[in-house]
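Visitor: Sequence and predicted structure, then a few things I'm wondering about:
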Amino acid sequence: MLRYAFRRVLSALPIAFIAVTVCFFILRLAPGGPFDTGRPLPPNVLANVRAYYNLDQPLFTQYLLYIGGVLRGNLGPSMAFYDFNVSQLLAIGLPFTLTLGFSAFVIATFVGVLAGMVSAVYQNKWPDYVLVLAVMIGLVVPNFLMGALLQLWFGVYLRWLPAGGWVTGSITHLVLPVTVLAWPHAARISRLMRGSMIEVLGTNYVRTAKSKGLGSRLVLARHAIKPAMIPVVSYLGPGLSYLLTGSIVVEQIFGLPGIGRYFISAALNRDYGLVLGTTLFYMLLILVLNLIVDLVYAWLDPKVRYS
Amino acid sequence: MAGLTRKDEVLSAYAEKLATLDAPKGRSLTQDALRRLIANKAALVSLILFGLIVAVAFIGPYFVPWGFAQVDWTAFRSPPNFETSHYLGTDQNGRDVLARLLQGTQMSLLVALVATLVSVFIGVIYGAIAGYFGGKVDAVMMRIVDVMYALPYILFVIILMVIFGRNPLLLFAAIGLVEWLTMARIVRGQTLALKEKEFVEAARASGAKPFTIIIRHIVPNLSGPVVIYATLTIPEIIITESFLSFIGMGIQEPMTSLGTLISNGAPVAEVMPWLLVFPAVVLVTMLLCLSYIGDGLRDALDPKDR
C-alpha cells in the first residue's frame, strides 16, 4: 500500500510541472499585457514597472525566475492588485472556496449514495421515480441557470435566503451556493450508485446472505454497500474537478470572494502571476484529491494495488 | 425418398424457402440498433422533439416579422403581446425575444456541432494513433492527456478565449480543443483491442502502411462508441458555451446565444420574467432531449451494457 502511494505521488509531480510550463507559455502568447490600460502609461513609468515585474527579461529567463520562485514557495506579485502578492490573494480566497467545495462534496456524496441506494432498493416504485426525476434535473439544468432560478425563487420571491454575497459565519449565505454546486454531483453519484447497487443486489452472495436469514438492512449494510461503492469512488476523482470548476461558476453567480472569481478577473486583466498561481493551485488541489481517491480505491479493490 | 432423415427434410425445406425468398432474413447490426432505438420511447420522443427544435431554430426566423437585431421603438420591455406580433415580448432595447431566441438557439446548436466535430476529429485520430503504435508513443501521448486532465478545463477555455479574442469561430474551436480528452481515452482503449484482431494482421501482412490501417480498418470499427460519446459531448459543449457567454466571454452583441440570453435575463427576471423563462425552457428541453438520445443510443449500440 505504501509503495503504491509513493508511486502515485511520483507520477503526479511531473504532470504538475509540465502543466505549469504549458500555462506559462500559452499565457505569454496572448496579445496584450497587464499594463495596457485605457490611458497608456508614460514610457519611462511603463519601463520601470515592467522592470519591477521582470517583464523586460527574455521570456525564458522569466520562466526560470518564475519556476525558481515557485519552488521556494513564492508565487510572485499580483499585477492588478498592487498591494498584494499572489499567495496573499490565494490565502484570502481559499477559505471561501474550500468551505464551498468541501461542504458541497461531503453533502453531495452522502446524499447521492443514499439516494442511489433508496432508488435501487425501491426500484420502479414511487421513491425511485421521485429520485430519478431529481437526478435528471441535476444532470440537465446547467449550474448557472439553476443558480439564477434558485436566487430568484428563494432569494427574491420568498425572501427565505439571501440571494448572494457573503457574511462571515453565516450559514444561510451558503445554502444556495452549496445546493447549486452539490446537486449535479449528487445526481451523478446517485445514478452510479443505483446501477451498481441493482447489480450487487442480484448477485449470488447477496442471495446467500438473504437465504441464511439475514434481515434486509443487515444484508445491505454488511454485504451490498462496499462492493456497490466501487464505481462511486472511482467517480469521486473526476467529480472533484467538476466541483472545483463548478465552484468558479458558483462564486461568480453568488458573488462569493473565492479563488474562482480571482481567476476570471485575472485572466481578463492579463494578471500573469495571479492566473498562473490560481491554475497551479487548482491543479495541485485536483492532483492531491485524486491521489486520495486513488488510495481509497486501492483500499476498496485489492486488484488495483497489485497491477 | 428413402434414406432421408428428419434433419435432411428440414434442411431441404429451408433451402426451398430460401430459393423462393420466403426465409427469415438476417438483420445487420445497424438495423438491430435502429430497431432498439425506436423501441425506446423516451429516446424516440426526444429525437423527434430535438429535430423539431433544430428545424424551428433554422426555419423559424423566416416567419418572424422582426430581425434579431432590429429595434422596435414603440415597444420596449413589452410582455408577450400578439397584437404587435411580439409573441414572446421584447427586451430592454426593444428587440423581439422570439427572434433573438431563435438566433440564440441556432448559435448554440452551431457551436455544439462545430466543437463536437473538432473534438471527435482530434480525439479519434489521437486515440487511434496512441493505441495503434503502443509502447513509448502511447505512454507519452497518454501522459499528455493526463496533464490536460489535471488542468481544470474551464480555466483552459478561459485562457484560450483570452488569447484568441472573441471570434465565435475560434470559440467553437477552443471548446472543441478541450473536450477531446475523454474521446481519446475511449478510442485508445478500443484500438488496443482492435489491433490484435485478424483483419488488422491481414492488412499488415498485405503491406498496408500504419496510417492506412488506422484510417481504413481501425477508425470505421470505432463508430459505435464514438457516436455514443459524441452525443454525450454535445450537451456538455452547449453548457460550456452558455457558461462562457454567461460570464461575458462568449458570443458578443448583437449576436446572441442561449447562455447570453439567460445571463441578460437573470438579473431582470423579477420584473421581466419572459426574458429568462423562454431561453431557459429551450435550453433545458434541448439538454434533456440530448441526454435521453445519448442514453438511448448507448443502449441500442451496446446492448451488453444494459
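Guide: Perfect, thanks for sending it.

Visitor: in the stretch 101-250 of chain A, what residue is nearest chain B?
Guide: Going by Cβ to the nearest Cβ, chain B is nearest to A:Ala148 of the stretch 101-250 of chain A, at 3.8 Å. Any C-beta I mention is one placed from the backbone N, CA and C, and that applies to glycine too.

Visitor: quick one, what contacts the residue nearest to A:Ser170 when sequence neighbours are not counted?
Guide: Once flanking residues are discounted, A:Ser170 sits nearest to A:Pro162: 7.8 Å by Cβ to Cβ, 6 or more residues apart in numbering or on different chains. Taking Cβ atoms under 8 Å, 6 or more residues apart in numbering or on different chains, we find A:Pro162 in contact with A:155, A:170, A:172-173, A:176.

Visitor: Scan these and report the most crowded one.
Guide: Neighbour tally across those (other Cβ atoms under 10 Å in any protein chain shown): the maximum, 24 neighbours, falls on A:Leu176.

Visitor: wait, isn't that one in contact with A:Trp153?
Guide: No: applying Cβ atoms under 8 Å as the test, A:Leu176 and A:Trp153 come out as separate, 9.7 Å apart.

Visitor: low pLDDT regions in the stretch 151-300 of chain B?
Guide: Within the stretch 151-300 of chain B, the ranges that satisfy pLDDT under 70 run B:151-156, B:162-166.

Visitor: Report pLDDT for the residue lying closest to B:Thr191 once chain neighbours are set aside.
Guide: Distance criterion Cβ to Cβ, 6+ apart; nearest residue to B:Thr191, sequence neighbours excluded, is B:Gly131 at 2.9 Å. For B:Gly131, the model assigns a pLDDT of 85.

Visitor: cool, and B:Ile48?
Guide: For B:Ile48, the predicted pLDDT is 91.

Visitor: what about the helices in the stretch 201-307 of chain A?
Guide: A:204-211, A:216-219, A:225-254, A:259-269, A:272-300, A:302-305 (DSSP state H, counting those that start in this stretch).

Visitor: right, so those helices: which one is the most enclosed?
Guide: helix A:259-269 (a mean of 23; mean count of other Cβ atoms under 10 Å in any protein chain shown).

Visitor: contact partners of that one?
Guide: Residues contacting helix A:259-269 (Cβ under 8 Å, 6+ apart): A:34, A:78-80, A:89-90, A:93-94, A:96-97, A:247-252, A:271, A:274-275, A:278-279, A:281-282, B:155, B:158-159, B:162, B:247.

Visitor: Can you list the buried residues in stretch A:188-208?
Guide: In terms of neighbour count (16 or more other Cβ atoms under 10 Å in any protein chain shown), stretch A:188-208 has its buried residues at A:188-197, A:200-201, A:206.

Visitor: To clarify, my last question referred to stretch B:116-123.
Guide: For stretch B:116-123, by 16+ other Cβ under 10 Å, it's B:116, B:118-120, B:122-123.

Visitor: Equivalent analysis for stretch B:120-134, please.
Guide: B:120, B:122-132.

Visitor: Nearest to B:Val140 among these?
Guide: Top of the list for closeness to B:Val140, among those and by Cβ to Cβ, is B:Ala130 at 8.6 Å.

Visitor: Contact partners for the residue nearest to the closest one when sequence neighbours are not counted?
Guide: Nearest non-adjacent residue to B:Ala130, counting by Cβ to Cβ, 6+ apart: B:Met141, 4.1 Å away. By Cβ under 8 Å, 6+ apart, the residues touching B:Met141 are B:126, B:129-130.

Visitor: I'd like those residues as CSV, with secondary structure appended.
Guide: Shown next, in CSV, are these (DSSP: H, G, I helix; E, B strand; the rest coil):
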residue, secondary structure
B:Tyr126, helix
B:Ile129, helix
B:Ala130, helix
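
Visitor: tell me the angle the helix or strand containing B:Val140 makes with helix A:272-300.
Guide: Using DSSP states H and E, B:Val140 sits in helix B:135-150. With axes from the mean of the first three to the mean of the last three Cα atoms, to 10 degrees as the basis, helix B:135-150 and helix A:272-300 are set at 110 degrees to each other.

Visitor: mind listing what's buried in helix B:135-150?
Guide: B:138, B:141-142, B:144-150.

Visitor: Can you identify the helix in chain A that spans the most residues?
Guide: Across chain A, the helix with the greatest residue count (assigned by DSSP state H) is helix A:86-121.

Visitor: Spatially nearest residue to B:Gln103 (excluding sequence neighbours)?
Guide: B:Phe68 (4.0 Å).

Visitor: What residues does the closest residue to B:Val120 other than its chain neighbours make contact with?
Guide: Excluding its sequence neighbours, the residue lying closest to B:Val120 (Cβ to Cβ, 6+ apart) is B:Ala230, at 5.3 Å. Listed by Cβ under 8 Å, 6+ apart, the contact set of B:Ala230 reads B:116, B:119-120, B:183.

Visitor: Tell me the one of those residues nearest A:Val296?
Guide: Comparing those against A:Val296 with Cβ to Cβ picks out B:Met183 as the nearest, at 27.4 Å.

Visitor: Make sure I have this right: the closest one is in a strand.
Guide: No: under the criterion used here (three-state DSSP), B:Met183 is helix, not part of a strand.

Visitor: just checking, it touches B:Leu117?
Guide: No: if you go by Cβ under 8 Å, B:Met183 and B:Leu117 don't touch, sitting 11.5 Å apart.

Visitor: Which residue lies nearest the spatial centre of chain A?
Guide: A:Leu244 (1.9 Å; Cα atoms, centre = their mean).
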